[in-house]
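Engineer: Using only what follows, build the 3D model:
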Amino acid sequence: RVSQYLYPSPQGMILGNEFSHELFTPEHEAFKTVELLLKGPELKMPEGTHFKDKSGIKRTQCRVAWWTEGETWAEVGIFGSRDIYGLDLEDTITEGQTILYKDSPPVFFGHYWRSRSSCLPTHKVACTDWSIAKGGELAAYRWDGEQTLSMDKFVSVSEDVSEDVSEDVSEDVSEDISKF
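Structural biologist: Model (predicted):
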């Protein structure tokens, strides 16, 4: 869906200028495509229910754990807060509302504030966002084309690493980090 908005340039594939207005128009397909790519799928919550996010903003849609099979809000809803109003988390989600990734290529994602313990929800899906801004770790995955992902391929550093990373972590991890 994204490729229709890109064109080749010497720097690689870039967004065409003719689509810049559409990217900021919520009703346009370009906006929806970029939102899905950056934030992941979201579900509209039942009428009269909402949650408040970490900033206290009232939300009527929640993100979905698209990598897991589930039928209830507790199993697939990602709320980012415990301030949930009017929703029984054990209620079943309307059939056809959830998205489950079943394709064969591995998927790496971020922007979900996960942790080391929850970064590999399936052998095909890996999260490299380990909440460094919340005191977690900066993470990367050493992917060599394997189709089955493994915890052994993750490297990470914590936020208390000094400016000179090479002095604070192993030489192997330092080389990987310097590539970023």
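Engineer: in this protein, which helix or strand is least confident?
Structural biologist: helix 165-168 (a mean of 42; mean pLDDT, DSSP states H and E).
Engineer: where does this protein dip in pLDDT?
Structural biologist: Within the chain, the segments meeting pLDDT under 70 span 1-2, 15-16, 19, 161-180.
Engineer: how much space between I78 and R59?
Structural biologist: Distance of I78 to R59, given as C-beta to C-beta, to the nearest Å: 11 Å. C-beta coordinates here come from the backbone N, C-alpha and C atoms, glycine included.
Engineer: ok, now H123?
Structural biologist: 31 Å.
Engineer: More neighbours: these two, which one.
Structural biologist: R59 (17 against 12; other C-beta atoms under 10 Å).
Engineer: Give me the phi and psi angles of the more buried one.
Structural biologist: Main-chain torsions, R59, degrees, to the nearest 10: phi -120, psi 140.
Engineer: Now do the end-to-end distance for stretch 51-64.
Structural biologist: Chord length of stretch 51-64, first to last residue, is 14 Å (C-alpha to C-alpha, to the nearest Å).
Engineer: buried ones in it?
Structural biologist: Residues of stretch 51-64 classed as buried by neighbour count (16 or more other C-beta atoms under 10 Å): 51-52, 59, 62-64.
Engineer: Check stretch 89-107 too.
Structural biologist: In stretch 89-107, counting by 16+ other C-beta under 10 Å, buried: 93, 98, 106.
Engineer: Dump the residues you listed into CSV; add distance to D129 and secondary structure as well.
Structural biologist: Output for the buried residues of stretch 89-107, formatted as CSV (distance: C-beta to C-beta, whole Å; DSSP: H, G, I helix; E, B strand; the rest coil):
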residue, distance to D129, secondary structure
I93, 24, coil
T98, 21, coil
P106, 16, coil
